[in-house]
Structure formats: C-alpha cells, structure tokens
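Novice: what's the 3D shape of this:
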Amino acid sequence: MRARRVPDYEQMHKELAKKGVTLTLLWSEYAAKCATEGSVLYQYSQFSEKYRAWAQKTKATMRISRKPGDFMEVDLAGQMMPVYDSVAGQAVEARECIFFCVNALLIA
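Specialist: Here you go, the predicted structure:
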C-alpha cells in the first residue's frame, strides 16, 4: 500500500500570502508532485479542509482588534483589470475595491 503524501501546511500558508497564489494552484502543484513520486494524494476537498483545520488550530490567520464603527477599511483586491470608459472611448486599468464598514453610516 502506498503512503499518502501529507502537504507542508506551513509552506502552503507562506505561499498563499503571495500575489496570484490560490489554494487551487497549490493543490494542482501538490497533485503533480504526488504523481511523480507515486504517492497517494488528498483530493481537493480534503486538501483544502485539512489546510483550513491546520490554519485554525495553529492560529495562522491575522486578527485585527478594533472598535466597530471607528473607521472604514478599503481593500484593493486582486490584480488590475481593464475598464472601458465609453465617454472617453478607451480602456483604463482599475482595481477591484472592497469596502468594510461595521456599525457605521456611510454618506456618499
């Protein structure tokens, strides 16, 4: 019986902090490594579930302490994407913006 290859969760956590790295990408690299080694792999659902359990157990997530409603956070997520300006007739690069506001009134 072949041994099941256990992923290096600490290394995965470091890789996930890099731009463009996803759990799906890490799983595909893991699956390719298992194929070359001839070891048994976790399917994607088990792979991601076991990583999340490791992250929760080791407190590998960042916690931010703040009073609700004190301020608003803006996260410029992901890579740049083209947005077409129909008035100017050209495409401009833009970022996806995510706004976080807890217990605060926003007036725009």
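
Novice: Run through the residues that contact residue 85.
Specialist: Contact partners of residue 85, counting by CB atoms under 8 Å, 6 or more residues apart in numbering, are 91, 92. Where C-beta positions appear, they are placed from N, C-alpha and C, glycine not excepted.

Novice: what about it, distance to residue 38?
Specialist: For residue 85, the distance to residue 38 equals 54 Å [CB to CB, to the nearest Å].

Novice: Same check on residue 13?
Specialist: Distance from residue 13 to residue 38, by CB to CB: 27 Å.

Novice: ok, these two, which is more surrounded?
Specialist: residue 13 (16 against 9; other CB atoms under 10 Å).

Novice: So for the helix or strand containing residue 14, mean pLDDT?
Specialist: Following DSSP states H and E, the helix or strand that holds residue 14 is helix 9-16. Helix 9-16 shows a mean pLDDT of 91.

Novice: Repeat that for stretch 57-66.
Specialist: If you average the pLDDT over stretch 57-66, you get 67.

Novice: Only alpha carbons, please: show the one helix or strand residue 54 maps to as PDB.
Specialist: Per DSSP H and E, residue 54 falls inside helix 44-57. These are the backbone C-alpha positions of helix 44-57, laid out as PDB (Å, rounded to 0.1, in the frame of the first residue of the first chain):
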ATOM      1  CA  TYR A  44      -9.000  18.900  -3.400                       C
ATOM      2  CA  SER A  45     -11.800  19.000  -0.900                       C
ATOM      3  CA  GLN A  46      -9.800  17.000   1.700                       C
ATOM      4  CA  PHE A  47      -6.600  19.100   0.800                       C
ATOM      5  CA  SER A  48      -8.400  22.400   1.500                       C
ATOM      6  CA  GLU A  49     -10.300  21.100   4.500                       C
ATOM      7  CA  LYS A  50      -7.100  19.900   6.200                       C
ATOM      8  CA  TYR A  51      -5.300  23.200   5.400                       C
ATOM      9  CA  ARG A  52      -8.100  25.200   7.000                       C
ATOM     10  CA  ALA A  53      -8.100  22.900  10.000                       C
ATOM     11  CA  TRP A  54      -4.300  23.400  10.400                       C
ATOM     12  CA  ALA A  55      -4.700  27.200  10.000                       C
ATOM     13  CA  GLN A  56      -7.400  27.300  12.600                       C
ATOM     14  CA  LYS A  57      -5.500  25.000  15.000                       C
END
